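1. heads up, no residue letters with this:
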């Protein structure tokens, strides 16, 4: 152990060694590699993991100085690769499942509306029903409506009628329930550290 940083750096640089590690990636909490040193006593191989890594911009406390090897630089650092692309809001498992089920329900609703609209268009444009004057399916001149126009209008009519298929109130109720559950994080005595209560920054913690 050297008390002087310059002396320690000089001694360390005099030892021939090579560093092998994984290719640059965006994963902040993983690292795999090794250092092969060749001191006077012989070759020595030291394994490295995320505990031996310091990310760009981090600060080491409780030491006056330390020595390290720069592995990734510039755009190849984990911080830069993790933030180079704009990513959307992270979703919890429950939110993803609710989203998938909502899309499934919407797909089923669309199919049902299309079937109902086709049936309605066939009904309103068939010769048999056009002769039934009490149905009022013709205009003043006795002409029937365009079948495609009837199909489009009836499709959107059934979309409105079947709109309660998608449980909008369920999504709102879930958000309110998660907001209320945040209080339980704050009030949990087992999560108090040095007199400071747990302060959840997101309402999705209870789902993970």
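-> Thanks, I have it. Note that the coordinates shown come from a computational prediction; the quantities given were computed from them, not determined experimentally.
2. so which residues of this protein form helices?
-> Using DSSP state H, the helices found in the chain span residues 5-13, 78-83, 93-125, 127-130, 147-161, 168-187.
3. and the last one with helix 93-125, angle?
-> Here helix 168-187 runs at 170 degrees with respect to helix 93-125, directions being taken by axes from the mean of the first three to the mean of the last three C-alpha atoms, to 10 degrees.
4. list the helices and strands helix 168-187 packs on?
-> helix 93-125 (3 or more C-beta pairs under 8 Å, 6 or more residues apart in numbering; DSSP states H and E). The way it works is simple: take the backbone N, C-alpha and C, and place the C-beta from them, glycine included.
5. and the helix it packs on, what other elements does it pack with?
-> By 3+ C-beta pairs under 8 Å, 6+ apart, helix 93-125 packs against helix 147-161, helix 168-187.
6. hmm, back to that, please name whichever of the helices of the chain is nearest to residue 25.
-> Closest approach to residue 25 among those is made by helix 78-83 (6.5 Å; C-beta to C-beta).
7. what residues sit buried inside that closest one?
-> The neighbour-count check on helix 78-83 (16 or more other C-beta atoms under 10 Å) flags 78, 81 as buried.
8. again with stretch 161-176
-> Applying 16+ other C-beta under 10 Å to stretch 161-176 flags 162, 174 as buried.
9. for that stretch, which outside residues touch it?
-> 94, 98, 102, 105-106, 108-109, 112-113, 203 (C-beta atoms under 8 Å, 6 or more residues apart in numbering).
10. tell me how many other residues surround residue 128.
-> Per other C-beta atoms under 10 Å, the neighbour tally for residue 128 reads 7.
11. who touches it in this structure?
-> Going by C-beta under 8 Å, 6+ apart, the list of residues near residue 128 is empty.
12. least reliable of the helices of the chain going by mean pLDDT?
-> Per-segment mean pLDDT for the helices of the chain reaches its minimum on helix 127-130, at a mean of 69.
13. sorry, back to before: which stretch among the helices and strands packed on helix 93-125 comes nearest residue 71?
-> Residue 71 sits nearest to helix 168-187 of all these, at 37.6 Å, using C-beta to C-beta.
14. tell me how far that closest one lies from the chain's centre.
-> The chain centre lies 19 Å from the centre of helix 168-187; the measure is C-alpha atoms, centre = their mean, to the nearest Å.
15. just to revisit the earlier point, in CSV: the helices of the chain, plus distance to residue 52.
-> Formatted as CSV, these follow (distance: least, C-beta to C-beta, whole Å):
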stretch, distance to residue 52
helix 5-13, 15
helix 78-83, 14
helix 93-125, 32
helix 127-130, 80
helix 147-161, 59
helix 168-187, 33
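16. do you know which of those lies nearest residue 198?
-> helix 168-187 (4.8 Å).
17. so which of the helices of the chain gets nearest residue 68?
-> Comparing these under C-beta to C-beta, the one sitting nearest is helix 5-13, at 10.0 Å.
18. pull out the buried residues from that closest one.
-> Going by 16+ other C-beta under 10 Å, helix 5-13 has no buried residues at all.
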